[in-house]
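**Student:** build me a model:
(one chain, ligands or ions: 2)
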Amino acid sequence: MPCCTAFATINGCSHWALDMETDPSCNPPLSLRLKRFLPRSLFGRTLVIFVVPTFIMLAVATYVFFDRHWYTVTNRMAQALAGDIAAVVELLQRSNSSATTDGVKHLALKKMELTVNFAPGEPLKHIRRPHTPIAVILKRALNDKLSYSYVFDLAYAPNTIGILVEVPEGVYTFLTPEKRIYSPTTEVFILWLLGSSIFLTAIALVIMRNQIRPIRRLAAAAEAIGKGREVPWFKVEGASEVRQAGAALMVMRDRLKRQIGQRTSMLAGVSHDLRTPLTRMRLQAELMGNNGPDMADLLSDIAEMEAMLNAYLAFARGEEAEAATETSLSKLLDEIASAARRQNPNVSLDVPPDIEVIIRRNALKRCLTNLVANALRYGSRAEIHAQASEQFITILIDDDGPGISPELREEMFRPFTRAEESRNRATGGIGLGLTIARDIARSHGGDVVLEDSPLGGLRARVWIPV
Ligand SMILES: Nc1ncnc2c1ncn2[C@@H]1O[C@H](COP(=O)(O)OP(=O)(O)OP(=O)(O)O)[C@@H](O)[C@H]1O
Ligand SMILES: [Mg+2]
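**Tutor:** Ligands and ions are numbered 1, 2, ... in the order given. Now for the predicted structure:
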């Protein structure tokens, strides 16, 4: 099968999609290749439309918050803490009595939440400083305010920051609760944002599922109608547009049914009424008693017209409402092959067992019987093969006859058309067999196409969606 041709649209799936899966050499345009990464279902796509912007917004909001608000707040708090420590160090350095020193320490504890200890004569211990954003901010603030060497530890004790300042006489240790420079609103903010986004997305998912269910039902109904199955009138729920589409589909189905029924019965009526004058003409011609060649021609023309009318009437009668039912394809083909073998034993059948399809049984039987009859009429043997895939069943009918040249194949589907134009009944029939076969396959949502057969004659390929 050449790339990107064949069955145009099957089950709503474009031929690109089908070919891309089966033919790696198929090279579709970029936009289609990008689409492969998008979810296929409406639900999936709506989810992307919902979730992607929400989480992008979340990321942007978090970034902006971190960059602006959090940084500004933390910086101010760090500056205030560094200022307090610098002031306390200065006051302690200037105090010349232990009473003043105790007073300053007391003030630092009560008013600035700073616990101050002094270790005389000790050198400054080195503490490995982490490179967190808070550490960087605090370091910058201490550099700004303090004129002594210092080290700090953000986790000196649980929830406590320790800042060690070296003065010529020893080392001051300042302990202060973490909350003096650390604002917990960041986590709270992100948690709230994330939590509410997840909550809203979950609600949206539930609502979306309910909105998509009626669309799915509508699609299933449209598909069943396309396959010629009986679809009861159903009430479409959901958004007003979906309801409108559902009602329109049902009205369209009824109108189509009415129109087709009207055409069929009108043609059947005309055919039926034409038979009376034709019979009269035949009787009159016979009564005229002229046995010349002209009379023989006239009688054969009349006989042909009668045969055409009868063939059409038989078809129109068969069209009368037959419901689609679950049918075993192997049994149906077995029946067709057995009936054909009564005329010609050279009919072989190859069909996997257990293929169940929903079809109008009598109609499909007529379709396949016509094709097998053609194979045996124009060839000397017929081979029937059937196979089923997930999307459709295919039935191939091969013969070893003369075949039909490719440019004539479509033409042969037109009513009352024969390759052999003499209308000699010995070399063909009425010319309605292929027309009826295609009509039935198409009313099931499938088709009949003619191809070259490996047996040397014609291959009729029938496919019906399942
Ligand atoms: N298997 C085949 N091999 C060769 N030619 C075929 C084959 N099937 C059909 N044809 C050609 O296509 C024409 C149309 O076929 P179709 O079945 O529509 O009519 P028919 O066989 O002539 O008459 P009937 O209405 O009795 O079937 C035939 O007349 C014949 O020329
Ligand atoms: Mg035929």
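**Student:** tell me what the longest helix along the chain is packed against?
**Tutor:** Longest helix in the chain by number of residues, with DSSP state H as the criterion: helix 240-287. Judged by 3 or more CB pairs under 8 Å, 6 or more residues apart in numbering; DSSP states H and E, the packing partners of helix 240-287 are helix 185-226, helix 293-318. To be clear about C-beta, it is placed using only N, CA and C from the backbone, and glycine gets the same treatment.
**Student:** and ligand 1, which of those helices is closest to it?
**Tutor:** helix 293-318 (6.0 Å; CB to the nearest ligand atom).
**Student:** so which bits of that closest one are buried?
**Tutor:** Of the residues in helix 293-318, L298, I302, E306, M308, L309, A311, Y312, L313, F315, A316 count as buried by neighbour count, 16 or more other CB atoms under 10 Å.
**Student:** hmm, back to that, now the longest helix of the chain: average pLDDT?
**Tutor:** In this model, helix 240-287 has a mean pLDDT of 89.
**Student:** what angle do it and helix 293-318 make?
**Tutor:** Angle of helix 240-287 versus helix 293-318, following axes from the mean of the first three to the mean of the last three CA atoms, to 10 degrees, is 150 degrees.
**Student:** interface residues of this structure facing ligand 1?
**Tutor:** Neighbours of ligand 1 within the chain, by CB under 6 Å from any ligand atom: 311, 370, 374-375, 378-379, 399, 401-404, 412, 417-420, 428-435, 457-458.
**Student:** and ligand 2, which of these contact it?
**Tutor:** Contacts with ligand 2 within the residues of the chain next to ligand 1, counted by CB under 5 Å from the ion: N374, G429, G433.
**Student:** just the closest of the residues you listed to ligand 2, please.
**Tutor:** Lowest distance from ligand 2 to these (CB to the ion) belongs to G433, with 2.7 Å.
**Student:** closest one to A247 out of the ones next to ligand 2 among the residues of the chain next to ligand 1, please.
**Tutor:** Taking CB to CB as the measure, G433 is the one of these closest to A247, at 39.6 Å.
**Student:** before we move on, what's the pLDDT of the closest one?
**Tutor:** On the pLDDT scale, G433 is placed at 92.
**Student:** any idea how far it is from R418?
**Tutor:** 10 Å (CB to CB, to the nearest Å).
**Student:** before we move on, what about T279?
**Tutor:** Going from T279 to R418 by CB to CB gives 25 Å.
**Student:** looking at those two, which one has more neighbours?
**Tutor:** Taking neighbours as other CB atoms under 10 Å, T279 and R418 compare with R418 leading, 18 against 12.
**Student:** what sits against the more buried one?
**Tutor:** By CB atoms under 8 Å, 6 or more residues apart in numbering, the contact list for R418 reads M412, G428, G429, G431.
**Student:** ok, now F174?
**Tutor:** Neighbour list for F174: I85, V88, A108, L114, T115, V116, G162, I163, L164, V165 [criterion: CB under 8 Å, 6+ apart].
**Student:** find the nearest non-adjacent residue to it, please.
**Tutor:** Nearest-residue entry for F174: I163, 4.5 Å, with adjacent residues in sequence omitted and distances by CB to CB, 6 or more residues apart in numbering.
**Student:** doesn't the one you found fall inside a strand?
**Tutor:** Yes. Assessed with DSSP: H, G, I helix; E, B strand; the rest coil, I163 lies in a strand.
**Student:** now stretch 80-96: how far from the chain's centre is it?
**Tutor:** What separates the centre of stretch 80-96 from the centre of its chain is 70 Å, taken as CA atoms, centre = their mean, to the nearest Å.
**Student:** what's in contact with it?
**Tutor:** Residues outside stretch 80-96 that contact it (CB under 8 Å, 6+ apart): 101, 103-105, 108, 112, 114, 116, 118, 138, 141-142, 144-148, 163, 165, 167, 172, 174, 176, 180-181.
**Student:** now the buried members of the residues you listed.
**Tutor:** 104-105, 108, 112, 114, 116, 138, 141-142, 145-146, 148, 163, 165, 172, 174, 176, 181.
**Student:** which residues in the stretch 51-200 of the chain form helices?
**Tutor:** Secondary structure of the stretch 51-200 of the chain, counting by DSSP state H, counting those that start in this stretch: helices at 71-94, 98-112, 133-145, 185-226.
**Student:** figure out which of those helices is closest to ligand 2.
**Tutor:** Comparing the helices of the stretch 51-200 of the chain against ligand 2 with CB to the ion, the closest turns out to be helix 185-226 (26.8 Å).
**Student:** what angle separates that closest one from helix 240-287?
**Tutor:** Going by the same axes, to 10 degrees, helix 185-226 makes 10 degrees with helix 240-287.
**Student:** elements contacting helix 185-226?
**Tutor:** Counting contacts by 3+ CB pairs under 8 Å, 6+ apart, helix 185-226 packs against helix 42-64, helix 240-287.
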